[in-house]
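Asker: Sequence plus predicted model, see below.
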There are 2 protein chains.
Amino acid sequence: MRLPEGVEWALHSAWLLALVPDDGALPARRLAEFYDLPQPYLAKILKSLVSAGVLTAVSGPRGGFRLARVPEEISVLDIVEALEGRTQVFRCAEIRQRGPAPLTGEACRRPCGIATVMYDAETEWRAGLARSSVADLVAEAGPASIGRASAWLAQGGAAAAGQDAGGAV
Amino acid sequence: MRLPEGVEWALHSAWLLALVPDDGALPARRLAEFYDLPQPYLAKILKSLVSAGVLTAVSGPRGGFRLARVPEEISVLDIVEALEGRTQVFRCAEIRQRGPAPLTGEACRRPCGIATVMYDAETEWRAGLARSSVADLVAEAGPASIGRASAWLAQGGAAAAGQDAGGAV
């Protein structure tokens, strides 16, 4: 069981977008460039984040993507669920109800102990992801990390966005 | 991200094996029958559980599978990891070290905040799975569940095992 690499891309993209000053937006091309990622695949990830209300797509000459809310109000869980959905990781096919001696009726009204343990552990995983926001990720990053990203954003900001006019998003 | 259905099969199989009395063993065929599962695929799952030290394969006329340890000493995590391994669910490709402004050297000595949040949440998931043993699963099951399983085991026990002589495991 592995999370797809797009989860890492989405989290880092949100982190970088939190550093974009004022009302700026960053085109997919620039995000892909910063992390050396394949732009078409990253664009799909960004689209999922827009659909889930994590990012906003801004059209026009200075268009691109920006966080849909302040970084304090976007959790790591929001981003993971934007890509992976809220479907349970553990699948219960109720095999206790099969076979020559199936359990039925009253005994199956509540989930079996096995499914309960699996679901409870998953709830703890999601709670762990929900505890950290994008703002926390920025606060956690060292000055070297923030410095190189901010410098790169400052260098290419408006000019780079202008080049993406019309096709930025 | 979904856990394969084999995880449910393995957990229920361990639960049923905990009810096998004395030094008995249960052939794959009987386990597959009880839950109406495809025996060849279940046999692969059981083989993985043997490799991981969760089950023991017993050969001979009364052969089959049994728990390798007392149910109190086999955790749900042991069973999940027997099938899924201990590899992290989140994959960190260190994309912060890529692109036109890569983070390098001292700044990358420790995992980035993003990977840390993901790994910490996963540790909580595993801890949740480790807290419950196969004995807990049996204790949690209602009398109806234990009753129908024990009755089925008693009906077919020795005779059924005998039929599997030589090819039980």
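Answerer: Structure's in. What do you need?

Asker: Please count neighbours and contacts with C-alpha atoms only from this point.
Answerer: OK.

Asker: check contacts around the nearest residue to residue A:115 once chain neighbours are set aside.
Answerer: Distances taken as C-alpha to C-alpha, 6 or more residues apart in numbering or on different chains place residue A:92 nearest to residue A:115, at 6.5 Å, with adjacent residues excluded. Shown in contact with residue A:92 (C-alpha atoms under 8 Å, 6 or more residues apart in numbering or on different chains): A:115, B:5, B:8.

Asker: Which one (most neighbours) among those?
Answerer: Neighbour counts for the contacts of residue A:92, by other C-alpha atoms under 10 Å in any protein chain shown, peak at residue B:8, which reaches 21 neighbours.

Asker: Pull up the gap between that one and residue B:35, please.
Answerer: According to C-alpha to C-alpha, to the nearest Å, residue B:8 and residue B:35 sit 11 Å apart.

Asker: again, but for residue A:98
Answerer: Residue A:98 is 5 Å from residue B:35, by C-alpha to C-alpha.

Asker: Of those two, which one has the most company?
Answerer: With neighbours defined as other C-alpha under 10 Å, residue A:98 and residue B:35 compare such that residue B:35 has more, 21 against 16.

Asker: wait, doesn't residue A:54 sit right on residue A:76?
Answerer: No. Assessed by C-alpha atoms under 8 Å, residue A:54 is found out of contact with residue A:76, at 10.4 Å.

Asker: For the two, indicate the residue with more neighbours.
Answerer: Neighbours were tallied for residue A:54 and for residue A:76 using other C-alpha under 10 Å; the higher tally belongs to residue A:76 (28 against 23).

Asker: now the more buried one: how far from chain B?
Answerer: For residue A:76, the distance to chain B equals 8 Å [C-alpha to the nearest C-alpha, to the nearest Å].

Asker: Could you do residue A:70 as well?
Answerer: Using C-alpha to the nearest C-alpha, residue A:70 is found at 18 Å from chain B.

Asker: residues near that residue, how many?
Answerer: Residue A:70 has 13 nearby residues by other C-alpha under 10 Å.

Asker: so who does it touch?
Answerer: So residue A:70 contacts nothing (C-alpha under 8 Å, 6+ apart).

Asker: returning to what we had before: which ones among the contacts of residue A:92 are found in helices?
Answerer: The members of the contacts of residue A:92 that map onto helices under DSSP state H are A:115, B:8.

Asker: would CSV of the contacts of residue A:92 with distance to residue A:86 and pLDDT be doable?
Answerer: Formatted as CSV, the contacts of residue A:92 follow (distance: C-alpha to C-alpha, whole Å; pLDDT from 0 to 100):
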residue, distance to residue A:86, pLDDT
A:115, 16, 93
B:5, 18, 93
B:8, 19, 94
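
Asker: Kindly reformat the contacts of residue A:92 as CSV containing distance to residue A:18.
Answerer: Formatted as CSV, the contacts of residue A:92 follow (distance: C-alpha to C-alpha, whole Å):
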residue, distance to residue A:18
A:115, 38
B:5, 39
B:8, 41
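
Asker: ok, the contacts of residue A:92 vs residue B:136, which is closest?
Answerer: Residue B:136 lies nearest to residue A:115 out of the contacts of residue A:92, by C-alpha to C-alpha, at 12.8 Å.

Asker: Could you give me the buried positions within stretch A:53-68?
Answerer: A:53-59, A:61-68 (16 or more other C-alpha atoms under 10 Å in any protein chain shown).

Asker: Other residues contacting stretch A:129-148?
Answerer: Stretch A:129-148 is contacted from outside by A:14-15, A:18-19, A:71-78, B:101-103, B:107, B:112-114, B:117-118, B:121, using C-alpha under 8 Å, 6+ apart.

Asker: just the buried members of those residues?
Answerer: Buried among the contacts of stretch A:129-148 (16+ other C-alpha under 10 Å): A:14-15, A:18-19, A:71, A:74-78, B:101-103, B:112-114, B:117-118, B:121.

Asker: Tell me which stretches of chain A form helices.
Answerer: A:6-17, A:28-35, A:39-51, A:76-84, A:113-130, A:134-140, A:143-163.

Asker: tell me the mean pLDDT for the third one?
Answerer: Here helix A:39-51 scores 97 as its mean pLDDT.

Asker: Same question for the second one.
Answerer: If you average the pLDDT over helix A:28-35, you get 95.

Asker: Give me the below-cutoff pLDDT ranges for chain A.
Answerer: Chain A contains residues with pLDDT under 70 at A:157-169.

Asker: Tell me how many other residues crowd residue A:89.
Answerer: Look at residue A:89: counted by other C-alpha under 10 Å, it has 16 neighbours.
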